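1. here is the input, now give the coordinates:
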Amino acid sequence: MNKFDRQSSSADIQALPDDIAEELSRLPSEVLSVDDAPSLAPPAPLSQDEVRTIVISLMLTMFLAALDQTIVATALPTIGRQFHDVSNLSWVITAYLLASTAVAPVFGTLSDIYGRRVMIIISLSLFVAGSVLCAIAPSMPMLILARGLQGLGGGGIMPVVQTVISDIVSPRERGQYQAYFSSVWMVGGILGPVIGGVFAEHLHWSMIFWINLPLAAAAIAMLLPKMKKIPVFHRKRKVDWLGGVLLMASAVVFMLVLTWGGTRYPWLSPTVLAMVGGAVALAVTFVWHARRADEPFLPLKLLTGSVAPFAMTAGGCGLGAITGLTVQLPLYYESVYHLSASEAGLALIPLAAVSTCGAAIAGRTMARAKHYKRVAIIGTSWAALCGLGLTVTTLPLWGLLTLMAAFALGLGTTFPVCVVSLQNSVARPQVGTITGAMNFFRSLMSSFTVAAFAAILLIALGADVPLAGEHHAAGAVVIPADDMRHAFRYVFGAATALMTTAALCLIMMEERPLAGPSVTQQVEMAE
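-> I've put the predicted structure just below:
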């Protein structure tokens, strides 16, 4: 394959529309090839009203995926009682997470091959079909299988939505929109347990799945009429199905290790060790295959360079820290501050809500500042300092919540900067692939962090204690407040280490110019 030669093609670049010419001129030669070049046709015009309609429909679509990651949790006891099966309840959540994590890179790559419109329709259709089957499931095994199908659709929604945004909004403006989607994700995660509990207690647990139908219908009705006008950047090519299967299989086995390790099986048990070996073998086979395939499912060159590895690591550390703390903090609030389960849930709001404020600040800064990554460097460094404060001090509840909010403010700045930097570093026909890979690694990092924080607590407490809010169960071990404070210092220390790593990665990440008009140019064009 002949590489794109900038010098010999400078005249051709100048002949292109300004935004595409700028994008081509800033791409490194090792990333862009002739076959990968973006479409030379000028993008279809989209009015501000059309962009607004597309964004609203995409936000509603993402809200569906965010809601169904948490909405089932509070309804699990009711579901278990109806089916007379509590031993398999955890699989109702695990099946969704396994499926959604495994298919994220698949939908991202396929959107670069077959187009965004096809993949958003498929992902929403799978999600709706899974929701219907969940609602009418006659038994626990059928519900678990249906949740897996729903997860296939939910896992495709996130990367495709983020890729569509990249098609209609320039990189300079994109950070603001990524902040909107971060807020939608957080709101969905917070409202999920509340809505699930209300439906299970006052209506019927199946309503947590039926509610997806009108929401999905509204999203499709708003989105599909406008999709025809979205610029087309995908490129038809042969699909490396073997590479996709190897990648998904390794992800599923690795996720099972993180789910079962330390709970169902000891970490050093033969079962867990065999699964670790299987996951590593599958991953090595995937890498071996990707290096030899003409058009690999996930080109490894996209994951190298001066942007991708640092942006993915920083974003994964940020999401891992907030996910791990969200799962384990209710235990801390209930044991140390003697809050009820509902009060502990409300105490999580500052962590989730303020992080979206940090994302909004970073997004607006990206639209204005030339050195856009500085806001994320400052934010992650500030979060690391706040995490250090949580580690070395003992605070009253109001002080803890205040410092936790300050931590979340800095943490939130990582998300738009990392997403936009990644998408800005590749050619347009590869945006879906890199976005799917990003979501894939973030999900793995979140699962790893949750398992790591749980392992830290178990080691520090020196007892086989139930975690994640399950310690009120009959016969559970009551943990003294001082012991819990001591144990959580290691958790806060781990979160501090994650944010320090994120800050270092952002410092090392190359800051490439963002295509698109600045705020001043936007105002001049509007006038």
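
2. now for the helix or strand hosting residue 160, which elements pack on it?
-> Element membership of residue 160 [criterion: DSSP states H and E] is helix 140-168. Judged by 3 or more C-beta pairs under 8 Å, 6 or more residues apart in numbering; DSSP states H and E, helix 140-168 is in contact with helix 48-70, helix 76-83, helix 90-114, helix 116-135, helix 171-202, helix 414-424, helix 431-461. In this view, the C-beta of every residue, glycine as well, is placed from N, C-alpha and C.

3. now the fourth one: buried residues?
-> Spelled out, that is helix 116-135. 116-117, 119-124, 126-128, 130-135 (16 or more other C-beta atoms under 10 Å).

4. distance from stretch 70-90 to the middle of the chain?
-> Relative to its parent chain, stretch 70-90 has a centroid offset of 25 Å by C-alpha atoms, centre = their mean, to the nearest Å.

5. and it, end to end?
-> End-to-end distance for stretch 70-90: 12 Å, by C-alpha to C-alpha, to the nearest Å.

6. ok, residues contacting it?
-> 92-93, 96, 139-141, 143-144, 147, 188-189, 192-197, 199-201, 205, 208, 259 (C-beta atoms under 8 Å, 6 or more residues apart in numbering).

7. select only the buried ones of those residues in PyMOL?
-> To isolate the buried ones among those in PyMOL, judged by 16+ other C-beta under 10 Å, type:
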select buried, resi 92+93+96+140+143+144+147+188+189+192+193+195+196+197+199+200+205+208+259
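
8. about what we covered before: buried residues of the helix holding residue 160, list them for me.
-> Quick answer for helix 140-168 (16+ other C-beta under 10 Å): 140, 143-168.

9. so how far is that helix off the chain centroid?
-> 12 Å.

10. same thing with stretch 402-417?
-> 16 Å.

11. how much space between the most centrally placed residue in the chain and residue 303?
-> Centroid check for the chain by C-alpha atoms, centre = their mean gives residue 439 as the closest residue, at 4.8 Å. Using C-beta to C-beta, to the nearest Å, we find residue 439 at a distance of 14 Å from residue 303.

12. same check, this time on residue 214
-> 39 Å.

13. give me the more crowded residue out of those two.
-> Using other C-beta atoms under 10 Å as the criterion, residue 214 and residue 303 rank with residue 303 on top: 15 against 9.

14. I figured the more buried one was touching residue 313, is that so?
-> No: with contacts counted by C-beta atoms under 8 Å, residue 303 stays clear of residue 313, the gap being 10.8 Å.

15. contacts for stretch 399-412?
-> 182, 318, 321-322, 347, 350-362, 378-384, 386-387, 389-390, 395, 495, 499.

16. so which of the residues you listed are in helices?
-> 182, 318, 321-322, 350-362, 378-384, 386-387, 389-390, 495, 499 (DSSP state H).

17. average pLDDT across stretch 274-283?
-> Averaged over stretch 274-283, pLDDT sits at 90.

18. touching that stretch from outside, list them.
-> Stretch 274-283 is contacted from outside by 246, 249-250, 253-254, 256-257, 260, using C-beta under 8 Å, 6+ apart.

19. how far does that stretch sit from the chain's center?
-> Counting by C-alpha atoms, centre = their mean, stretch 274-283 comes out at 24 Å from the chain centroid.

20. list the buried residues of it.
-> So for stretch 274-283, counting by 16+ other C-beta under 10 Å, buried means 275, 278-279, 282-283.

21. TSV for those, including secondary structure and distance to residue 447?
-> Listed next are the buried residues of stretch 274-283 as TSV, based on DSSP: H, G, I helix; E, B strand; the rest coil; distance: C-beta to C-beta, whole Å:
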residue	secondary structure	distance to residue 447
275	helix	14
278	helix	17
279	helix	12
282	helix	16
283	helix	15
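
22. could you identify the most distant pair in those?
-> Spatial extent of those (C-beta to C-beta) is set by the pair 275 and 283 at 12.5 Å.

23. now a ChimeraX select for only the buried ones of the ones in helices among the contacts of stretch 399-412.
-> Buried residues within these, by 16+ other C-beta under 10 Å, are selected in ChimeraX with:
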select :182,318,321,322,350,351,352,353,354,355,356,357,358,359,360,361,362,378,379,380,381,382,383,384,386,387,389,390,495,499
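
24. rewinding a little: of all the contacts of stretch 274-283, which comes closest to residue 374?
-> For those, the nearest to residue 374 is residue 254 (34.5 Å; C-beta to C-beta).

25. let me know the secondary structure of that closest one.
-> In three-state terms, and counting by DSSP: H, G, I helix; E, B strand; the rest coil, residue 254 is helix.

26. distance of it relative to residue 172?
-> Distance from residue 254 to residue 172, by C-beta to C-beta: 36 Å.
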